[in-house]
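J.: okay, here's the prediction I keep looking at, along with the sequence it came from:
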Amino acid sequence: MTASGRRQRAFPVRALAALVTLLLAAALAHALPAGAAENTAAHPARSQHWVGGWGTAMTPPGISGYSATGFADRTLRMVERLSAGGSSVRLRLTNAYGTSPLDLGAVTVARRAKDATKGAAVEPGSSREVRFGGQRSTTVPAGAEAVSDPVPLSTKADTDLVVSVYLPTATGPTTWHPWAKQTNYLTKSGDHTGDVSGSAFGEKTTSWFFLDGVDVLAHRAKGTVVAFGDSITEGGVTADDSNRRWTDELGRRLAARPGGQRLSVVNKGIGGNRVLTDAGTQGQGNRNLGNSAESRFARDALGQTRVSDIIVLEGTNDLGSNAGVHPGTPLTADQLIAGLGRLAQRAHAAGLRVHGGTITPNGKLNARAEGMREDVNRWIRTSGAFDTVVDFDAALRDPADPHRMLPAYDGGDTVHPNDAGLRVMARTVNLSVLGRG
């Protein structure tokens with residue numbers, strides 16, 4: 001056979017091999033979320049996973065205000081501080097406590113304008129339309145949630161994301177997080193999801209509505225750490241828009257580790273939350289303090305994206321019922337211990353690591369409730385129910401009076417740590433035990 005004949009026969013084989021390679025690459029790109037294939041090629045040694053970049057815990061509506069009346073023909077613009085960045089984002093919107101279907105007329109996501117004084121403005125050129133099953137709008141049935149399609153948008157840890165939601169029809173009572181510790185924005189009317197300027201957003205609110213999670217497609221991501229608790233986890237007395245919750249500080253610690261960030265943090269704290277009983281709106285006006293930790297644990301902890309670890313800090317409000325600080329039926333230390341133990345058992349049954357936070361000093365407890373706190377903390381430290389113990393109590397208490405918080409860490413009400421105390425809490429978490437599973 002001549003050389004030219006061999007070349008003629010060899011050409012179809014090479015062409016077929018090239019075609020197979022192209023088809024495989026196309027199939028892989030189709031299987032990955034939008035934006036993932038390009039980034040994987042650019043960083044072949046890195047793995048990518050969806051993790052929780054930001055999260056909050058939702059409650060039923062309050063008894064007045066927007067949570068009770070809802071919205072119609074208005075655009076919400078909400079700000080979220082990400083604990084991890086990535087190449088794409090994915091939104092979770094919920095109608096968990098709604099009584100009627102929730103119409104999402106349009107949704108966009110963008111990076112916040114670099115000048116924070118611009119309020120509701122977004123970074124020019126960063127706004128992306130969010131779709132649900134390929135559609136610009138969707139309807140979320142009562143009691144359900146909607147997860148968006150992946151949206152190619154590069155983000156960084158410890159930066160603000162802006163989500164704008166147009167609500168074209170009457171929503172009825174809302175699913176919300178009352179005490180966001182974050183300024184969010186609202187228009188008087190119309191779809192302004194695509195606006196770069198914040199000029200149409202003339203009203204402010206310090207609550208989040210309907211949005212309870214933002215996932216990010218992150219390089220080298222290993223998992224999500226869920227901080228599950230009450231107001232001390234939610235943000236306590238830290239200033240709005242300061243992003244100084246102990247969970248924010250923990251996210252910054254994780255992001256600063258050598259070799260790139262492997263874990264993200266989502267905050268699932270609700271002010272006034274209890275382990276054993278629903279707190280509701282008793283004595284709290286328009287705020288709703290949420291379902292019990294036991295009843296919301298599946299959704300707010302076990303059900304988070306690629307969760308690896310859960311840090312549980314609950315119980316101070318259960319003890320407050322014994323001290324007359326909060327309404328509710330008094331309980332025993334054994335009952336509270338049993339409730340916390342069930343949370344740990346459920347996490348382990350799901351194959352997750354769970355870390356027990358000791359209940360912090362509380363100057364409003366009476367002697368009986370303080371004795372219970374000590375009993376519960378002793379159990380958390382010694383029972384072995386948790387994989388590790390995060391001893392927030394030891395980190396915050398006054399050595400001269402262990403029943404109370406060190407004055408330098410007291411936010412002014414003898415219950416909630418100030419910013420210095422929250423930083424100490426974040427440093428109390430042993431990073432080496434997170435993400436081992």
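T.: Structure's in. What do you need?
J.: contacts and neighbour counts: CA atoms only from here.
T.: Fine.
J.: quick one, what contacts Leu102?
T.: Leu102 makes contacts with 95, 139-142, 171, as judged by C-alpha atoms under 8 Å, 6 or more residues apart in numbering.
J.: beta partners for it?
T.: Residues in a beta bridge with Leu102, per DSSP bridges, are Val140.
J.: any low-confidence regions in this structure?
T.: By pLDDT under 70, the low-scoring segments of the chain are 1-46, 116, 282-285, 322-328, 437.
J.: thinking again about what came up before, list buried residues within the contacts of Leu102.
T.: Among the contacts of Leu102, those buried by neighbour count (16 or more other C-alpha atoms under 10 Å) are 95, 140-141, 171.
J.: turn the residues you listed into TSV, columns for distance to Arg373.
T.: Formatted as TSV, those follow (distance: C-alpha to C-alpha, whole Å):
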residue	distance to Arg373
Asn95	36
Val140	42
Pro141	42
Thr171	42
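J.: that older thread, and of the contacts of Leu102, the nearest to Pro402?
T.: Ranked by distance to Pro402 (C-alpha to C-alpha), these are led by Asn95 at 43.3 Å.
J.: contacting residues for the closest one?
T.: So, once contact is read as C-alpha under 8 Å, 6+ apart, Asn95 ends up touching 101-102, 140-145, 174-175, 210.
J.: save these as a markdown table, and put in distance to Pro361 too.
T.: Putting the contacts of Asn95 into a markdown table (distance: C-alpha to C-alpha, whole Å) gives the following:
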| residue | distance to Pro361 |
| --- | --- |
| Pro101 | 43 |
| Leu102 | 42 |
| Val140 | 42 |
| Pro141 | 42 |
| Ala142 | 40 |
| Gly143 | 37 |
| Ala144 | 38 |
| Glu145 | 37 |
| Thr174 | 34 |
| Thr175 | 32 |
| Phe210 | 33 |
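J.: looking at those residues, spot the one nearest Gly65.
T.: Closest approach between the contacts of Asn95 and Gly65, by C-alpha to C-alpha: Thr174, at 10.2 Å.
J.: wait, the closest one sits on Ala68?
T.: Yes. Counting by C-alpha atoms under 8 Å, Ala68 is a contact partner of Thr174 at 6.5 Å.
J.: ok, for Met372, nearest residue in space, not its chain neighbours?
T.: Ala333 (5.2 Å; C-alpha to C-alpha, 6 or more residues apart in numbering).
J.: what's near enough to touch the one you found?
T.: Applying C-alpha under 8 Å, 6+ apart, the residues near Ala333 are 372-373, 375-376.
J.: now, those that are in helices?
T.: Judged by DSSP state H, the contacts of Ala333 include 372-373, 375-376 as members of helices.
J.: neighbour-wise, which one of these leads?
T.: Sorting the ones in helices among the contacts of Ala333 by how many neighbours each has (other C-alpha atoms under 10 Å) puts Arg373 first, at 25 neighbours.
J.: middle-most residue in this structure, spatially?
T.: Centrality entry for the chain: nearest residue to the mean C-alpha point is Gly55, 1.6 Å, by C-alpha atoms, centre = their mean.
J.: so how far is Ser432 from that one?
T.: 23 Å (C-alpha to C-alpha, to the nearest Å).
J.: same thing with Lys268?
T.: 22 Å.
J.: of those two, who's got more company?
T.: Counted by other C-alpha under 10 Å, Lys268 and Ser432 do not tie: Lys268 has more neighbours, with 25 against 7.
J.: show me what counts as buried in the one helix or strand the more buried one maps to.
T.: Under the criterion of DSSP states H and E, Lys268 resides in strand 263-269. Using 16+ other C-alpha under 10 Å as the test for burial, strand 263-269 gives 263-269.
J.: so what's Trp179 closest to, chain neighbours aside?
T.: Ser207 (5.5 Å).
J.: surely that neighbour and Tyr185 touch.
T.: No. If you go by C-alpha under 8 Å, Ser207 and Tyr185 don't touch, sitting 9.4 Å apart.
J.: those two: which is more packed in?
T.: Tyr185 (22 against 19).
J.: that's a strand at the more buried one, yeah?
T.: Yes. The assignment for Tyr185 (DSSP: H, G, I helix; E, B strand; the rest coil) places it in a strand.
J.: which residues in the stretch 51-200 of the chain form strands?
T.: All strands of the stretch 51-200 of the chain, identified by DSSP state E, counting those that start in this stretch, fall at 74-81, 88-94, 102-104, 106-111, 128-129, 138-140, 145-147, 151-152, 160-167, 176-177, 184-186.
J.: if you could redo that for the stretch 201-350 of the chain, that was the one I meant.
T.: Taking DSSP E, counting those that start in this stretch as the test, the strands found in the stretch 201-350 of the chain are 203-205, 208-209, 211-219, 223-229, 263-269, 307-313.
J.: output those as CSV; include the columns distance to Ala400.
T.: As requested, the strands of the stretch 201-350 of the chain are exported to CSV (distance: least, C-alpha to C-alpha, whole Å):
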stretch, distance to Ala400
strand 203-205, 41
strand 208-209, 40
strand 211-219, 41
strand 223-229, 27
strand 263-269, 30
strand 307-313, 24
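J.: how about Pro407, what does it touch?
T.: Counting by C-alpha under 8 Å, 6+ apart, Pro407 touches Asp398.
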